[in-house]
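In: Could you look at this predicted model? Sequence included:
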Amino acid sequence: MAEPVNQDIAELMQRYKQKLEGQLGGPLRQEQPQEAVSKEYLEFRKEILPAHMGWYERLCNLSEKLLAIKPDKAREQEIIESLQITHLNITPAGASSFAFLTPLAVILLAIFLSMAFLKSFFFVIFFIITGLSLIKPLGKIPLFLANNWRLKASNQMVLCIFYVVTFMRHTSNLELAIRFAADHIAPPLSLDMKKVLWDVETQKVATVKESLEIYLETWRKWNIEFIESFHLIESSLLEGSEETRVSALDKSLDVILTETYERMLHYAHNLKSPITMLHMLGIILPILGLVILPLVVSFMKNVSWYSISLLYNVGLPIIVFYLGKNILARRPTGYGDTDISEFDEFKKYAAVTLKLGSKEITFTPLWIALLIGAALFVVGFSPIVMHWFIQDETNLGIGEIDERSTCLRSYCLLDYRKNEIGQSIGPFGLGASLLSLFVVLAFGFAIGTFYRLKSKKVIDIRKNTEQLEQEFASGLFQLGNRLGDGSPAETAFEKVGRSMEGTISGNFFQLVGMNIRRLGMGVSQAIFDKKNGAILYFPSKLIESSMKVLIESVRKGPKVAAVALMNISRYVKEIHKVNERLKDLMAEILASMNSQIKFLTPVIAGIVIGITSMVTTILGKLTVQMQQIAGEGAGSEASSGLAAGFFGQGVPTYHFQIIVGIYVVQITYILTIIANGIENGSDKLNERYQMGRNMIRATMLYAVVSTAIMLIFNLIATKILESNVL
């Protein structure tokens, strides 16, 4: 029967088509069907996608127009999956073209600049190797972006299941439950949940279940427990009895909590080897190289400070960052904190506010950071400026008279020296070396101040909110008991508030009760009123969603509301318990990484700088001694050239310290990102807060240790040379 019906429909469509062609005077144009995407989705996507992803989109599309390079089929499928996760509007060919053309542009530009200005073949070789090395990492950018997206989304997965289960306990409607979860979880998982609904609204798929299944397939490789939990939620819709329906919902939350813990347990066990390799490659081996480097540069005339800088400030940080990203890519998705600074109501706390009388001036912390950085940089750069304005022979020294020193004193401020061809190089002086620490402090303090001011107020709010949420579980339980005893919601709030007096949760319940009793508001208005609602003073998505569940369930009776609140209380406690167990798993590894960031790296680097300063001082004074041995009759410049040719002028401690200090800042920055990623996933707020603390502490410790060691070692070197031991 189906085939004749289809033929009739086809004949009917053909007759109407011929009739339309006759009226229009020509054949109808066949257009390819376009995917329907809602305007709301596009606007939300524009708001949530980071700026760097927008730039990446444009560059990839431009690269594809210039030269389209198609990846192989296996890699193409991998890139397509990553692009679907990140909602990027590019093709695999565009990503591959960008990965090839960008290194090519870097190589050509670097070769031109090196030959035109630097006139150094070393830079040509370095940038050719660097450009070729960038092809593979740049080709993996879609994978890294997808992994970052997954890490961010994973932080909300447990809460997503929690919100869906909480809503469906009192209203068995999957579409409304997904909408409820999308309204209360943070981006980017909220974008994914809205995309599930929008695909149904735009008729891309027929049902919510079908749309959800398509979305869940994107997580099959990385988070099977998320899929299992949603399947249990879907199965609850088919259960006949209320008891089995609720049991399926409870089981879904248990599944994601239990399996998340097990996956993190395996990850923690397998993390020791990669972290050890990262520690060796990023800290131990570079520091050991720094110990030997002062001797190498002192006896090799062709080694320059910018060659060392390219290795330590460009090559090594890129390698360490790439290895760290690979470690984070293997992190299983799980539970984490939300970056509340992304919400509009908290953005004002990320700015600096100054009160001038009755007026308030708000500005970004970037200006304070730049001011601090510029002031410190000027002090650190002062030896170079002083050299521009005074004669080379004037090196400004302090201490006792020392004929072997270029400044005729024990310690020189500048100490510029002549090389074999008569060029002035330096500064080698102890004073200049100490002043160079201000350059490192400029970078460390500027970065640290920016992140600290940007995150301090917001992190305090989140900590208070977390404390409130922990107390709130017991408050919800008590509120549920009051409702279960038959008390109306209007009076239950005030009773619970009095019983919890002195706590943050008690203040919330009391405020709701006061709004009801004094202002004559209903329960919903007392909580969510835009001017006087209690939720305004207790910013928490968990509290907001719990109260919305209360408002919805209380309409079905106080008994239903009581059960809903008690189950929310139990869920909150279970989530907190699993989160504490996960932190306990990572405690040992994170303690090791934090010790590297806060103590080992700055201290070891500071000691190396002290050794470098001592070696440079000794070799500088030995050069003068060799001039005296060679005899004044041979000519001071010739003797100086002979001595310099034997020892080599080496790299001034001034430049060497800046290279090492900036490397300390870079490695602190990278290790902070990795440590936070291992512990919290993609928690940008905590990352910024830890960055502010670690950067200031590590930079200050490095500067203090370097200053102390340089002074002590130079004093020892001077005493040894004065006693003619050498």
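Out: That came through fine.
In: Show me where the stretch 151-300 of the chain has its strands.
Out: In the stretch 151-300 of the chain, no strands are found when defined by DSSP state E, counting those that start in this stretch.
In: Just after the worst-scoring helix or strand of the chain on mean pLDDT, pick out the following helix or strand.
Out: Sorting the helices and strands of the chain by mean pLDDT, DSSP states H and E puts helix 636-647 at the bottom, at a mean of 47. Next in sequence after helix 636-647, counting helices and strands by DSSP states H and E, comes helix 653-680.
In: pLDDT of that following helix, averaged?
Out: Averaged over helix 653-680, pLDDT sits at 86.
In: looking just at contacts, which helices and strands does it meet?
Out: Of the remaining helices and strands, those touching helix 653-680 by 3 or more Cβ pairs under 8 Å, 6 or more residues apart in numbering; DSSP states H and E are helix 285-299, helix 305-310, helix 316-329, helix 430-484, helix 558-595, helix 601-630, helix 684-722. Placement of C-beta: from N, CA and C, glycine included.
In: could the ones you listed go into CSV alongside mean pLDDT, mean neighbour count and distance to residue 365?
Out: Formatted as CSV, the helices and strands packed on helix 653-680 follow (pLDDT from 0 to 100; neighbours: other Cβ atoms under 10 Å; distance: least, Cβ to Cβ, whole Å):
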stretch, mean pLDDT, mean neighbour count, distance to residue 365
helix 285-299, 68, 17, 31
helix 305-310, 77, 18, 29
helix 316-329, 81, 18, 24
helix 430-484, 83, 22, 4
helix 558-595, 74, 17, 24
helix 601-630, 74, 21, 24
helix 684-722, 85, 20, 10
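In: Between the two ends of stretch 62-75, how far is it?
Out: Distance across stretch 62-75, first residue to last, is 21 Å (Cα to Cα, to the nearest Å).
In: Buried ones in that stretch, by neighbour count?
Out: 63-64, 69, 71, 75 (16 or more other Cβ atoms under 10 Å).
In: Ok, stretch 522-539 next?
Out: Those would be 523-524, 526-529, 533-535, 538-539, for stretch 522-539 by 16+ other Cβ under 10 Å.
In: Return the closest of those with respect to residue 305.
Out: Distance ranking of these against residue 305, using Cβ to Cβ, places residue 539 first at 50.9 Å.
In: give me the element the closest one is part of.
Out: Under the criterion DSSP H and E, no helix or strand holds residue 539.
In: isn't it right next to residue 466, touching?
Out: No - with contacts counted by Cβ atoms under 8 Å, residue 539 stays clear of residue 466, the gap being 11.8 Å.
In: Give me the phi and psi for residue 69.
Out: Taking degrees, to the nearest 10, you get phi -120, psi 120 for the backbone angles of residue 69.
In: ok, now how distant is it from residue 129?
Out: 22 Å (Cβ to Cβ, to the nearest Å).
In: try residue 329
Out: 25 Å.
In: try residue 453
Out: 39 Å.
In: How about residue 685?
Out: 38 Å.
In: Helix, strand or coil: sort out residue 353 for me.
Out: With DSSP: H, G, I helix; E, B strand; the rest coil as the basis, residue 353 sits in strand.
In: I figured it was touching residue 359, is that so?
Out: No - if you go by Cβ under 8 Å, residue 353 and residue 359 don't touch, sitting 10.6 Å apart.
In: mind listing what the nearest residue to residue 704 once chain neighbours are set aside touches?
Out: Using Cβ to Cβ, 6 or more residues apart in numbering and skipping residues adjacent in sequence, the residue nearest residue 704 is residue 606, 7.6 Å away. Residue 606 makes contact with 701-706, 708-709, according to Cβ atoms under 8 Å, 6 or more residues apart in numbering.
In: Residue 79: what's its closest spatial neighbour, skipping adjacent residues?
Out: residue 92 is the one closest to residue 79 (Cβ to Cβ, 6+ apart), at 4.2 Å.
In: number of nearby residues for the one you found?
Out: Counted with other Cβ atoms under 10 Å, the neighbours of residue 92 add up to 23.
In: do the one 3 residues further on as well
Out: Around residue 95 there are 30 other residues, counting by other Cβ under 10 Å.
In: quick one: it and residue 140 touch, right?
Out: No - between residue 95 and residue 140 there is no contact under Cβ under 8 Å: 9.3 Å.
In: So residue 681 sits against residue 152, correct?
Out: Yes - with contact defined as Cβ under 8 Å, residue 681 counts as touching residue 152 (7.4 Å).
In: between these two, which one's more packed in?
Out: Between residue 681 and residue 152, residue 681 has the larger neighbour count (other Cβ under 10 Å), namely 24 against 21.
In: State the distance from that one to residue 82.
Out: Distance of residue 681 to residue 82, computed by Cβ to Cβ: 18 Å.
In: what's the answer for residue 240, then?
Out: Separation of residue 240 from residue 82 (Cβ to Cβ): 42 Å.
In: ok, those two, which is more surrounded?
Out: Taking other Cβ under 10 Å, residue 240 and residue 82 do not tie; residue 82 has more neighbours (23 against 7).
In: do you know how far that one is from residue 481?
Out: Using Cβ to Cβ, residue 82 is found at 49 Å from residue 481.
In: just residue 716 next, same as before
Out: From residue 716 across to residue 481, the span is 74 Å (Cβ to Cβ).
In: same check, this time on residue 181
Out: 27 Å.
In: Could you do residue 488 as well?
Out: Taking Cβ to Cβ, one finds residue 488 at 14 Å from residue 481.
In: cool, residue 667 as well?
Out: Note on residue 667: its distance to residue 481, by Cβ to Cβ, is 54 Å.
In: check contacts around the residue nearest to residue 610 when sequence neighbours are not counted.
Out: Distances taken as Cβ to Cβ, 6+ apart place residue 709 nearest to residue 610, at 2.7 Å, with adjacent residues excluded. Contacts for residue 709 (Cβ under 8 Å, 6+ apart) come out as 606-607, 609-611, 613.
In: I'd like these laid out as TSV, including distance to residue 276.
Out: Listed next are the contacts of residue 709 as TSV, based on distance: Cβ to Cβ, whole Å:
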residue	distance to residue 276
606	24
607	22
609	26
610	28
611	26
613	31
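In: Return the member of the residues you listed nearest to residue 378.
Out: Nearest member of the contacts of residue 709 to residue 378, counting by Cβ to Cβ, is residue 609, at 21.4 Å.
In: Let me see the contact set for the closest residue to the closest one other than its chain neighbours.
Out: Here the nearest residue to residue 609 in space, its sequence neighbours aside, is residue 706; by Cβ to Cβ, 6+ apart that works out to 4.5 Å. If a contact means Cβ under 8 Å, 6+ apart, then residue 706 has 437, 605-606, 609-610, 657, 661 as its contacts.
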